[in-house]
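Undergrad: Got a predicted model here, sequence first, then my questions.
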Amino acid sequence: MPVEFLGIAATNDGSETTPRSGAAFDKDYTLRLARAHEEHGWDRVLFAYGSGSPDPAPAAAYVASRTERLGILLAHRPNVSYPTFAAKTFATLDQISDGRLTVHFITGGSDHEQRREGDTLTKDERYARTREYIGIVKKIWTTREPFDHEGEHYRFHDFVSDVFPVQQPRPGVSFGGSSPAAYAAGGAEADIYCLWGEPLART
């Protein structure tokens, strides 16, 4: 199995030990950090998601349009946008990056963080929603004909997208979580499963 080196696409110079010196989204710092990853052979960088943080999708588009090889791992929480909208956003970003996008779906491990943006589902309900969400996104990426969807969390009729990803049949899907509900959802829908550095017995 090949080894890939993944970095973080931080949008400012703040850290756990030092306060940031500028805005939450510092364009110059974001680009310098991404180019440093690319110039030193890193495979991809993660654009993380937080309820109060800069939106990772336009930040990723900014970096993708100014780099040549660096892969984009875009974190996305399903509670923040409808899957029809998200699928178009991801396909557009894959076009901007010439096929360098992987989407990392995060269900949300903290009830407090989820409620900051109005998400009141339980953790197991959130994983069920994420599973449905990913299935819809993948279908939109690969379907040229209008279709309907009647699910537990999403319903729409006669939808078809006019923008498709560069990668065929679709970009990669990444997923994370450490519960039975997470394993069921990620195992069914993801190409890449991300785990914390936990003891083997707990993975």
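TA: The structure has been received and is ready for your questions.
Undergrad: which residue is nearest the middle of this protein?
TA: residue 75 (2.7 Å; CA atoms, centre = their mean).
Undergrad: That one reaches residue 53, doesn't it?
TA: No. The pair residue 75 / residue 53 is not scored as a contact, 9.9 Å apart, by CB atoms under 8 Å. Yep, even glycine has a C-beta here, placed from its N, CA and C like the rest.
Undergrad: Show me what the residue nearest to the centre of the chain is bridged to.
TA: Applying DSSP bridges to residue 75 gives these bridge partners: residue 104.
Undergrad: what about this structure, any weak spots by pLDDT?
TA: 202-203 (pLDDT under 70).
Undergrad: how much distance is there from the lengthiest helix in the chain to the middle of the chain?
TA: Longest among the helix segments of the chain by residue count, using DSSP state H, is helix 123-142. Relative to its parent chain, helix 123-142 has a centroid offset of 12 Å by CA atoms, centre = their mean, to the nearest Å.
Undergrad: Alpha carbons of that helix, as CSV, please.
TA: Output of helix 123-142 as CSV, limited to C-alpha atoms (Å, rounded to 0.1, in the frame of the first residue of the first chain):
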residue,chain,number,x,y,z
LYS,A,123,-24.5,11.2,17.0
ASP,A,124,-26.1,8.0,15.6
GLU,A,125,-28.6,10.1,13.7
ARG,A,126,-25.8,12.2,12.3
TYR,A,127,-24.0,9.2,11.0
ALA,A,128,-27.1,8.0,9.3
ARG,A,129,-27.6,11.4,7.7
THR,A,130,-24.0,11.5,6.6
ARG,A,131,-24.4,8.1,4.9
GLU,A,132,-27.4,9.3,3.0
TYR,A,133,-25.7,12.5,2.2
ILE,A,134,-22.6,10.8,0.7
GLY,A,135,-24.7,8.5,-1.4
ILE,A,136,-26.6,11.5,-2.9
VAL,A,137,-23.4,13.4,-3.6
LYS,A,138,-21.8,10.4,-5.4
LYS,A,139,-25.0,9.9,-7.5
ILE,A,140,-25.0,13.5,-8.5
TRP,A,141,-21.4,13.3,-9.6
THR,A,142,-22.0,10.3,-11.8
